[in-house]
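J.: sequence and predicted structure, then a few things I'm wondering about:
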Amino acid sequence: AVVSTQSTGFSMTRDKSHGYRSRLATLTVIILQSIFCGTAACLIDSDHFISAGSLDFQDAIAAHGRGMFHNSSIVLLLGLFHYFTPHNSLLILIVAFSSHQLRDGVRRGLVFFPLGHTARIPYPLYLASMALLTLIFPKFLLSSLRTIQRDSLLVKTF
């Protein structure tokens, strides 16, 4: 069989085009997930405004006690949900809540409702935990993506 150099060149160009589009789509997903994670981590502090009963910033920072979203049991609950129904959104929320809880834990400790709270987290432990979260999260995310893709393929075939 004779292979035309024109068709081979066209095929290579088309394959490069698919590769670039795939990379762009992946980058878009990563950026959107990052925005979602950051927004969720910031929204956790909305419970200060709820506790204060006001949208005024000064009232929010003067509110007594910890808000309902500053409960580290939420992270455990999200992890349990993710175990039974793997979904990327749950992993992103776990990272958002974990990073927020760990940061606050340096100043006040972690709250595990209804069990109580821990002592303040030492700063070196906080740094190590954040580094570990940063290293482990992508592996869980990729594993979750593979599980979701496998399950969706199984659904499509049957």
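T.: Great, that's in hand.

J.: for burial, what's the neighbour tally of Y83?
T.: 9 (other Cβ atoms under 10 Å). (Glycine included, C-beta is placed from N, CA and C.)

J.: read off the pLDDT value for it.
T.: pLDDT, Y83: 81.

J.: again, but for F69
T.: F69 carries a pLDDT value of 87.

J.: and if you look at V95?
T.: 88.

J.: residues contacting it?
T.: 37, 133, 137 (Cβ atoms under 8 Å, 6 or more residues apart in numbering).

J.: and with 6 Å instead?
T.: V95 makes contact with 37, 137, according to Cβ atoms under 6 Å, 6 or more residues apart in numbering.

J.: now it: which helix or strand?
T.: Per DSSP states H and E, V95 falls inside helix 88-108.

J.: now T28
T.: helix 5-43.

J.: compute the inter-axis angle for that helix and helix 88-108.
T.: 40 degrees (axes from the mean of the first three to the mean of the last three Cα atoms, to 10 degrees).

J.: average model confidence for the helix or strand following helix 5-43?
T.: As assigned by DSSP H and E, the chain's next helix or strand after helix 5-43 is helix 46-52. Averaged over helix 46-52, pLDDT sits at 86.

J.: just the CA coordinates for helix 46-52, please, in PDB.
T.: C-alpha atoms of helix 46-52 as PDB (Å, rounded to 0.1, in the frame of the first residue of the first chain):
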ATOM      1  CA  SER A  46     -20.600  33.000  55.700                       C
ATOM      2  CA  ASP A  47     -21.600  31.400  59.000                       C
ATOM      3  CA  HIS A  48     -20.100  34.300  60.800                       C
ATOM      4  CA  PHE A  49     -22.700  36.600  59.200                       C
ATOM      5  CA  ILE A  50     -25.400  34.100  59.900                       C
ATOM      6  CA  SER A  51     -24.400  33.900  63.600                       C
ATOM      7  CA  ALA A  52     -24.200  37.700  63.800                       C
END
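
J.: returning to what we had before: buried sites along the helix holding T28?
T.: Residues of helix 5-43 classed as buried by neighbour count (16 or more other Cβ atoms under 10 Å): 33, 37, 40-41.

J.: now do stretch 106-119
T.: Buried-residue list, stretch 106-119, by 16+ other Cβ under 10 Å: 109-112.
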